[in-house]
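K.L.:
Okay, sequence plus prediction incoming.
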Amino acid sequence: MSELAVKQVSQGVRSPVGREGVLDVAAKLFREQGYGSVSLRKIAEAAGIKAGSLYYHFGSKDEIVAAVLDVGIQVVHDSMRQAVSALPEGTGAEASLHAAIGAHLRALLDVSDYTSANVRIFGQVPQSVRDANLPTRRAYEAEWDALLSRLQQEGALKSDVDIRHLRLMLIGALNATLDWFDPARGSAEALSRTYADVFLNGILERQDT
């Protein structure tokens, strides 16, 4: 998908039916129904076009899936990067982590079918599709590793904390909110503050000895 299309998704703008419109529909279906239940015919019907018209843009269902996965990562990556870069110069890593967690959760829960679809179906798709998505996924992971490393260098994290393991735990916890988050019972923003506080300050009361 083009950079313009990714920006439109990030901003919640829906493209007319065409390549981007087909991807919009597919992302919504994959988010709601998973990989196996969504066929090319179902995508075409939801997009209001003939099934054969899909082949003008895509050679197969897996080409659509690969594009949805890439955009899903790109949207949340752009959201996180923009949230952190918008902070005033000299902002500490702790505040940056709050911003990054909030951006990830908002993209996941409030903004994009693509991001949510990526989390839901990544483990369901063929290995070849997962392999094709790895460069985009690795770039986002590297962004987190850089942020967590900076937090560690500033003394906000213990020096012996394994950055990779922490990143896996953090992103895994954030992505798992898709299974239980209820917007009627709280906002993604409030949830992000809770997660950041737990990761930075722990859950046990510290007692003087």
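P.N.:
That came in fine, so what should we check first? Numbering: from 1, shown residues only.

K.L.:
okay, CA-based contacts and neighbour counts for the rest of this
P.N.:
Fine.

K.L.:
What score does residue 117 have for pLDDT?
P.N.:
Note on residue 117: pLDDT of 91.

K.L.:
again with residue 52
P.N.:
Reported pLDDT for residue 52: 84.

K.L.:
Report how many residues lie close to it.
P.N.:
Residue 52: 10 surrounding residues under other Cα atoms under 10 Å.

K.L.:
How confident was the prediction at residue 152?
P.N.:
For residue 152, pLDDT reads 88.

K.L.:
my read: it touches residue 158, true?
P.N.:
Yes - under the criterion of Cα atoms under 8 Å, residue 152 makes contact with residue 158 at 6.5 Å.

K.L.:
Tell me which of those two has more neighbours.
P.N.:
The neighbour comparison of residue 152 against residue 158 (other Cα under 10 Å) goes to residue 152, with 19 against 11.

K.L.:
That one and residue 28: what is the separation?
P.N.:
38 Å (Cα to Cα, to the nearest Å).

K.L.:
go on, residue 193?
P.N.:
In terms of Cα to Cα, residue 193 sits 27 Å off from residue 28.

K.L.:
Give the rounded mean pLDDT of stretch 134-149.
P.N.:
94.

K.L.:
May I see the buried residues of that stretch?
P.N.:
136-137, 140-141, 144-145, 147-149 (16 or more other Cα atoms under 10 Å).

K.L.:
Next: stretch 32-51.
P.N.:
34-35, 40, 43-44, 47.

K.L.:
measure that stretch end to end?
P.N.:
Terminal residues of stretch 32-51 lie 20 Å apart, using Cα to Cα.

K.L.:
Now do the helix or strand hosting residue 173, average pLDDT.
P.N.:
Element membership for residue 173 (DSSP states H and E) is helix 163-176. Across helix 163-176, pLDDT averages out at 93.

K.L.:
got the CA positions of it in PDB?
P.N.:
Extracted C-alpha coordinates of helix 163-176, given in PDB (Å, rounded to 0.1, in the frame of the first residue of the first chain):
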ATOM      1  CA  ILE A 163      15.400  -5.400  26.500                       C
ATOM      2  CA  ARG A 164      14.200  -8.000  24.000                       C
ATOM      3  CA  HIS A 165      12.300 -10.000  26.700                       C
ATOM      4  CA  LEU A 166      10.800  -6.900  28.100                       C
ATOM      5  CA  ARG A 167       9.700  -5.700  24.700                       C
ATOM      6  CA  LEU A 168       8.100  -9.100  23.900                       C
ATOM      7  CA  MET A 169       6.200  -9.000  27.300                       C
ATOM      8  CA  LEU A 170       5.100  -5.400  26.800                       C
ATOM      9  CA  ILE A 171       3.800  -5.700  23.300                       C
ATOM     10  CA  GLY A 172       2.300  -9.100  24.000                       C
ATOM     11  CA  ALA A 173       0.400  -7.600  27.000                       C
ATOM     12  CA  LEU A 174      -0.800  -4.700  24.900                       C
ATOM     13  CA  ASN A 175      -2.000  -6.900  22.000                       C
ATOM     14  CA  ALA A 176      -3.800  -9.200  24.400                       C
END
